[in-house]
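Novice: Provide a 3D model corresponding to the input given below.
(2 chains)
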Amino acid sequence: MTASPSEAETGRDPRAPYDLAVVGAGSAGLAGAVTAAELGLSVALLDSSPQSGGQFYRHPAPALGAVRPEALHHAWSAFSGLRRRLAESTVDHLSGHHVWSTVREADGTWSVHAVTGADGTAEAPALIRARTLLLATGAYERQLPFPGWTLPGVVGAGGAQAMLKSGLVLPGRRVVVAGSGPLLLAVASSLAAAGARVPAVVEAAGYLRYARSPRVLAANPAKAAEALVHGAALLRHRVRVLPRSAVTEVHGTDRVEAVTISRLDADWRPVRGTGRRIVCDALAVGHGLVPQIELATALGCDTRPLPDGTLGLALDDLQETSVPGLWAAGETGGVGGAELARTEGELAGRAVAARLKGRRADAGRVGELRRRRDRMRVFADVMSAAHAPGPGWSAWLEDDTDVCRCEEVTAGRVREAVADLGARDARTVKLLTRAGMGWCQGRMCGSAVACLAADGRTAEPPAERRPFAVPVPLATLAALGGAETEAAGATAPRPCTP
Amino acid sequence: MARTPADLVGAQPDPPFEITFDGRRVTALPGQTVAAALWGAGILAWRTTREGGRPRGAFCGIGQCYDCLATVNGEPNRRACLVPARPGDAITTQEGHGHDRLTV
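Specialist: As a prediction, the model looks like this:
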């Protein structure tokens, strides 16, 4: 699947830039890559994982011998179709490539820099050159802190799902699922199907927000059907769903022993006296997803604020960013799910091919894709608004609650920076407290710090600026000034260790 | 009804092998990451923090949060949720930044 066709087979000069480099082999990137290749472009598809599929279609390694990987997935056939087209295509799938920077060179081509290996620590870095670039880097999970959330046994909801889908493991036997967003229902039904007892799904928002947009719901029956599938699974496993509630404390000394669940008011402020304790040995928690856009923001791409307080890329009707020659698809433009990502990936692939070949894209197919995208984008906005964190959530923080997990910066220190030292934004809080300065570069605490810094005013979305998208060894940077840049042409794709 | 994740997907894995965690034997399946093998043995923490010395393990599960850093065969700061387990791997709890030998 990942073997690169040799030069002899494709007739491609290994020093020539690819027509298109795609970053991310999830639904959007796969669709974009195979579409462009089928239209005659040379394509490199870079992804950090050993296997294609992204987070949504994360699946066990072949050695685990999963006969029914689809048992952990919704709409698996859509992915297996893309995977088959990838295997039959001329796309060079470069797995184990963690892209840390993309740069526009003087001749207008793009340089895509990556570190390699399962966790990016293999010795050989890679430099891929391409005439156009498609960013399909997906999203990561938004977290809001609460007392006890750093205890072992508290894991991301998406994290629990990822570990289950790829490693066939569970974080515990009794797993409470909490936070906000449609992912929670999917995670709870997977965990329950895989043998965990799920005492409750705790959703901070009320599901009634969806009912305010009946036309949008009616136009997206597949989404309603997906929710029904998860809802039926939860009923079957006797999982209770508690809307307008949150886990406001985790109990335990070295690992999770129980959680306290409190009712929330409409602003997500815990209602006094409503807390009740539920025994569990793990908590899977997440508050929606954040578009992963730092490669694009580093290039100066315009962004747009999304209804849930995150930033997505501003894209034109054919998925191009404000930087010419740079396209984006999927969650990078706002979180909307795998089907939307596939649609946008194909649209971007067609747009890139039309641009490079100087021809108009197939108007019929493009029109159909645009209509589908627009319909699903409207639903994505409804979903985003329904699960936007209420301004009262920070009332559940204690002063000694860690907000920044990496640098162990507490809510008390962040509040002190705001109240006593005059910080008004996340960047100043970071300079005063180190919140957001650790290994994860503010991915885990960024939303929370932005809210606390706003101190009751509307928070600016975190800027998602990370000049290095992943940590890079100094030796890799030092080598850039020497041999690697002089060799200039695309480094020949090489097999990489999964 | 399926009772384990492996039952659910009808897993027929290649033969299991052993790794160690702080000297204790842990069974891993081929294709699992270090973090998955440790979760499979009920181990949720394999790092202590630099400031508070608090236990941490896998959190985001997808290589984004860096909470799961472990020392693998003597090399610190490896993301356990990404690194595949290999037969004979010696995983040890990483204390702080993992470079205490460099402390002046």
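Novice: Please count neighbours and contacts with C-alpha atoms only from this point.
Specialist: Noted.
Novice: If we ignore the residues flanking it in sequence, what's nearest the residue in the stretch 301-450 of chain A that chain B sits nearest to?
Specialist: Using CA to the nearest CA, the closest approach of the stretch 301-450 of chain A to chain B is made by A:Cys440 at 5.0 Å. Of all residues not flanking A:Cys440 in the chain, B:Cys65 sits nearest, at 5.0 Å (CA to CA, 6 or more residues apart in numbering or on different chains).
Novice: Tell me how many other residues crowd B:Glu18.
Specialist: A total of 18 residues lie near B:Glu18 under the criterion other CA atoms under 10 Å in any protein chain shown.
Novice: partners of whichever helix or strand it is part of, with directions?
Specialist: Per DSSP states H and E, B:Glu18 falls inside strand B:17-21. Sheet pairing of strand B:17-21 (DSSP bridges) gives strand B:24-28 (antiparallel), strand B:90-92 (parallel).
Novice: any idea of the mean pLDDT in that strand?
Specialist: Throughout strand B:17-21, pLDDT has a mean value of 98.
Novice: Just the strands from chain B, written as ranges.
Specialist: Secondary structure of chain B (DSSP state E): strands at B:17-21, B:24-28, B:47-48, B:55-56, B:69-72, B:75-79, B:90-92, B:94-95.
Novice: ok, residues contacting the third one?
Specialist: Spelled out, that is strand B:47-48. Outside of strand B:47-48, the residues that reach it under the criterion CA atoms under 8 Å, 6 or more residues apart in numbering or on different chains are B:Arg54, B:Pro55, B:Arg56, B:Gly57, B:Cys68, B:Leu69, B:Ala70, B:Thr93, B:Gln94, B:Glu95, B:Gly96.
Novice: In those, which residue is surrounded by the most others?
Specialist: B:Ala70 (32 neighbours).
Novice: can you tell me which residues contact that residue?
Specialist: Neighbour list for B:Ala70: B:Trp46, B:Arg47, B:Pro76, B:Asn77, B:Arg78, B:Arg79, B:Ala80, B:Ile91, B:Thr92, B:Thr93, B:Gln94 [criterion: CA under 8 Å, 6+ apart].
Novice: For the strands paired with strand B:17-21, state which one has the densest average packing.
Specialist: For the strands paired with strand B:17-21, ranked by mean neighbour count under the definition mean count of other CA atoms under 10 Å in any protein chain shown, the leader is strand B:90-92 at a mean of 22.
Novice: in a helix, that's where A:Phe379 is, yeah?
Specialist: Yes. The assignment for A:Phe379 is a helix, going by DSSP: H, G, I helix; E, B strand; the rest coil.
Novice: wait, doesn't it sit right on A:Val216?
Specialist: Yes. Here A:Phe379 reaches A:Val216: they are 5.9 Å apart, a contact under CA atoms under 8 Å.
Novice: Tell me which of these two has more neighbours.
Specialist: When A:Phe379 and A:Val216 are compared on other CA under 10 Å, the one with more neighbours turns out to be A:Phe379, at 22 against 19.
Novice: For the more buried one, which residues are in contact?
Specialist: A:Val216, A:Leu217, A:Asn220, A:Gly336.
Novice: distance of it from A:Gly231?
Specialist: To A:Gly231, A:Phe379 is 19 Å away according to CA to CA, to the nearest Å.
Novice: again, but for A:Cys406
Specialist: With distances defined as CA to CA, the gap from A:Cys406 to A:Gly231 amounts to 36 Å.
Novice: Show me what the top helix by length along chain B is in contact with.
Specialist: For chain B, the longest helix by residue count, based on DSSP state H, is helix B:34-40. Applying CA under 8 Å, 6+ apart, the external contacts of helix B:34-40 come out as A:163, A:167-171, B:21, B:26-29, B:44, B:58, B:68, B:80-85.
Novice: Which ones among those map onto helices?
Specialist: Among the contacts of helix B:34-40, the ones falling in helices (DSSP H) are A:Met163, A:Gly167.
Novice: Once you drop chain neighbours, what's closest to B:Gln94?
Specialist: Taking CA to CA, 6+ apart as the measure, B:Gln94 lies nearest to B:Arg47, with 4.6 Å between them; neighbours along the chain are not counted.
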